[in-house]
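K.L.:
return atomic coordinates for the entry below.
(one chain, ligands or ions: 3)
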Amino acid sequence: MNRNQEHVPTRRRFIKTSVGVLGALSAGRLLAFEDRPNFDRCPECSAISDYKLPQTTQLSASVDQFDVGGGQLSWGYAYNESFPGPVLEAYRGSNVRIRFQNFLDDHTTVHWHGMVVPHAVDGHPLNVVLPGEDFIYHFPIVQRACLNWYHPHPHEMTGEQVNLGLAGPFIIRDEEESMLELPVGSYEVPLIIRDAKFDSQGNLRYSAGASGFFGDVPLANGKQNAALSIDTEVYRFRILNGCNARVWRLALSNGAAFTLIGNDGGLLEFPVDLTEIEFGPGERLDLLVDFRNASVGNQFRFVDLDENWDLIEFTVTNSVQPVFSVPGPTDRLSVISPLVNPVRTREFTFEGHSRINGLEYDMNRIDFEVPFAETELWRFITGGNGPHPVHVHGASFQVLSRSGGRNMLFPWESGWKDTVLVGDGETVEVLTRFDVYDDQVYLMHCHLLEHEDNGMMTNFRVLPR
Ligand code: C2O
Ligand code: CU
Ligand code: CU
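P.N.:
Ligands and ions are numbered 1, 2, ... in the order given. As a prediction, this is how the structure comes out:
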């Protein structure tokens, strides 16, 4: 399959077999959605409560049919027959072992976006899993608590495969975060928000030009007109912009403030109250929303201010004695040591729809080499056709400055990031340091998936220590 091609999955090409332990523990947590009641395919899941992955978790990709809201059945791609894929969770310090099976007609890979893993299990386009084959992704969890996500990363087909349904949340937990006693259980809601297009039969349809895929309906956790019943409590929303190309401008329908406590790389140092957040494909947000003073029957929505879309509707159905609270602006959440004194600077110009520093991606070409454990300043510059959400594999970075365009940094860009939105006419500087795995090939690319598939991507090698 090639770039910018239309593709509608139409058939099931394998016989469903029982999948055993369905992608870890909390597959059931996406079930908070009322129109998604039966996740009875995984009786074991509910029994797993300690957030540890089972010995070997099975993950499959297949052509499947699923309910995209209101009973509309759609053909698409699914991880473990679920759209989006199941929530995977693991503790820092544990080992993840996932046996991935590819039941698609095309080759694919699984990339663990935001997770620092060796090249061999990073889902690099060179390391394809062929149709009918399997591969074991095995790696330790070496980083702090945060929300990551897994998705395909095959050469020139990432946009299509993600768009047709392959994406899921991967939550890392740790001690530091647990001590904060943030909302848990049904009060912690992973939320993948993306846009979609459907054909006349109601199946997901991927068609995109060079400037990217733009759908005409929003989906929250795979549902149109998503709705969630809530209690009078504080909720923690773990939000991913799962769009191929669309930038969201997220707000509550009543204009109320919510509290930002974290982003791509985990907790911020201090909470920040905000009424709107602009975030691009691949970026994550960790938000607390306070519904403690609401009354039964009240309704709230997350909306996108640019399209004026309702993303998900909350209805208060239950009055409870709240147990969670919202930290104030001076309550420290975490300590983040700033990266300082970069030893060198690199410049990357994102040009048109397909080039970085004049070059289109070549899987076999290493474009630059980065010494192990040295702090560097990377300067991302747009040459038009933005915005470009720039993403780096193999380490998180800290955003240092933005000049031109919006000309400022936003609260959701503090702390640790792995994806930063670079608007047209903007220069964004980040500090980065690859100090976990040496002698590895990683990717840096635009996460507007059609730009990525068209070649706006580069390989670099972290040198042996
Ligand atoms: Cu989310 Cu290189 O990808
Ligand atoms: Cu990534
Ligand atoms: Cu781009």
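K.L.:
flag every residue of the stretch 101-250 of the chain that's near ligand 1.
P.N.:
Contact residues (C-beta under 6 Å from any ligand atom) of the stretch 101-250 of the chain with ligand 1: His111, His113, His151, His153. (Each C-beta comes from the backbone N, C-alpha and C, glycine too.)
K.L.:
I'd say Asn318 and Tyr187 touch.
P.N.:
No. Asn318 lies out of contact with Tyr187 (C-beta atoms under 8 Å); the separation is 11.7 Å.
K.L.:
mind listing the shared neighbours of the two?
P.N.:
Listed as contacting both Asn318 and Tyr187 by C-beta atoms under 8 Å, 6 or more residues apart in numbering are Asp231.
K.L.:
quick revisit: for the residues of the stretch 101-250 of the chain next to ligand 1, work out which two are farthest apart.
P.N.:
Pairwise distances across those (C-beta to C-beta) peak at 8.6 Å, for the pair His113 and His153.
K.L.:
which members of the residues of the stretch 101-250 of the chain next to ligand 1 occur in strands, if any?
P.N.:
Assigned to strands by DSSP state E, the following of those qualify: His111, His113, His151.
K.L.:
break this structure into its domains for me.
P.N.:
25-175, 185-318, 344-462 (automatic domain parsing).
K.L.:
pick out whichever of Asn318 and Tyr187 has more residues nearby.
P.N.:
Taking neighbours as other C-beta atoms under 10 Å, Asn318 and Tyr187 compare with Tyr187 leading, 21 against 11.
K.L.:
that one against Phe324, yeah?
P.N.:
Yes. At 6.5 Å, Tyr187 counts as touching Phe324 under the criterion of C-beta under 8 Å.
K.L.:
shared neighbours, those two?
P.N.:
Common contacts of Tyr187 and Phe324, defined by C-beta under 8 Å, 6+ apart, comprise Glu233, Val234.
K.L.:
and the ones in strands among the residues of the stretch 101-250 of the chain next to ligand 1 as JSON lines, adding pLDDT and neighbour count?
P.N.:
Converted to JSON lines, these look like this (pLDDT from 0 to 100; neighbours: other C-beta atoms under 10 Å):
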{"residue": "His111", "pLDDT": "98", "neighbour count": "25"}
{"residue": "His113", "pLDDT": "98", "neighbour count": "22"}
{"residue": "His151", "pLDDT": "98", "neighbour count": "24"}
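K.L.:
can you pull the contacts of the residue in the chain positioned nearest to ligand 2?
P.N.:
As assessed by C-beta to the ion, ligand 2 sits closest to His113 within the chain, at 3.7 Å. Contacts for His113 (C-beta under 8 Å, 6+ apart) come out as Asn148, Trp149, Tyr150, His151, Gly282, His391, Asp418.
K.L.:
now with 7 Å, please.
P.N.:
Asn148, Trp149, Tyr150, His151, Gly282 (C-beta atoms under 7 Å, 6 or more residues apart in numbering).
K.L.:
ditto for Ile356
P.N.:
Contact analysis of Ile356 by C-beta under 7 Å, 6+ apart lists Phe348, Thr349, Phe350, Met456, Thr458.
K.L.:
go on, Val128?
P.N.:
So Val128 contacts His107, Thr109, Pro154 (C-beta under 7 Å, 6+ apart).
K.L.:
one more: Ile98?
P.N.:
Applying C-beta under 7 Å, 6+ apart, we find Ile98 in contact with Thr57, Leu59, Tyr137.
K.L.:
in ChimeraX, how would I select the buried members of those residues?
P.N.:
Burial among these is assessed by 16 or more other C-beta atoms under 10 Å; the matching ChimeraX selection reads:
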select :57,59,137
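K.L.:
which strand residues bridge the one residue in the chain that gets nearest to ligand 1?
P.N.:
Across the chain, no residue is closer to ligand 1 than His113, which sits at 3.4 Å (C-beta to the nearest ligand atom). According to DSSP bridges, the partner residues bridging His113 are Trp149.
K.L.:
same check, this time on His391
P.N.:
Thr419, His445.
K.L.:
for ligand 3, see how far away it is.
P.N.:
Using C-beta to the ion, to the nearest Å, His391 is found at 10 Å from ligand 3.
K.L.:
next, count neighbours for that residue.
P.N.:
If you count neighbours by other C-beta under 10 Å, His391 ends up with 24.
K.L.:
what pLDDT is listed against it?
P.N.:
His391 carries a pLDDT value of 99.
K.L.:
that one contacts Lys417, correct?
P.N.:
No. The pair His391 and Lys417 fails to qualify as a contact (C-beta atoms under 7 Å) at a distance of 9.4 Å.
K.L.:
check which helices and strands the helix or strand harbouring Leu443 sits against.
P.N.:
Assigned by DSSP states H and E, Leu443 belongs to strand 440-446. When contacts are defined as 3 or more C-beta pairs under 7 Å, 6 or more residues apart in numbering; DSSP states H and E, strand 440-446 sits against strand 388-392, strand 457-462.
K.L.:
ranking those strands by burial, who's on top?
P.N.:
strand 388-392 (a mean of 26; mean count of other C-beta atoms under 10 Å).
K.L.:
mind saving the C-alpha coords of that strand as CSV?
P.N.:
Output of strand 388-392 as CSV, limited to C-alpha atoms (Å, rounded to 0.1, in the frame of the first residue of the first chain):
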residue,chain,number,x,y,z
HIS,A,388,4.4,20.2,12.6
PRO,A,389,4.1,18.2,15.8
VAL,A,390,7.7,17.2,16.2
HIS,A,391,8.3,13.9,18.0
VAL,A,392,11.6,12.2,19.2
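K.L.:
give the next helix or strand downstream of that strand.
P.N.:
Following strand 388-392 in sequence order, the next helix or strand is strand 397-403 (DSSP H and E).
K.L.:
circling back: of the domains of the chain, which shows the lowest average pLDDT?
P.N.:
domain 25-175 (a mean of 83).
K.L.:
how about it and ligand 3, touching?
P.N.:
No. Domain 25-175 is not in contact with ligand 3 by C-beta under 5 Å from the ion; minimum separation 11.6 Å.
K.L.:
stretch 228-235: how far from the chain's middle?
P.N.:
In terms of C-alpha atoms, centre = their mean, to the nearest Å, the centre of stretch 228-235 is set 23 Å apart from its chain centre.
K.L.:
stretch 396-404 now?
P.N.:
How far stretch 396-404 lies from its chain's middle: 20 Å, per C-alpha atoms, centre = their mean.
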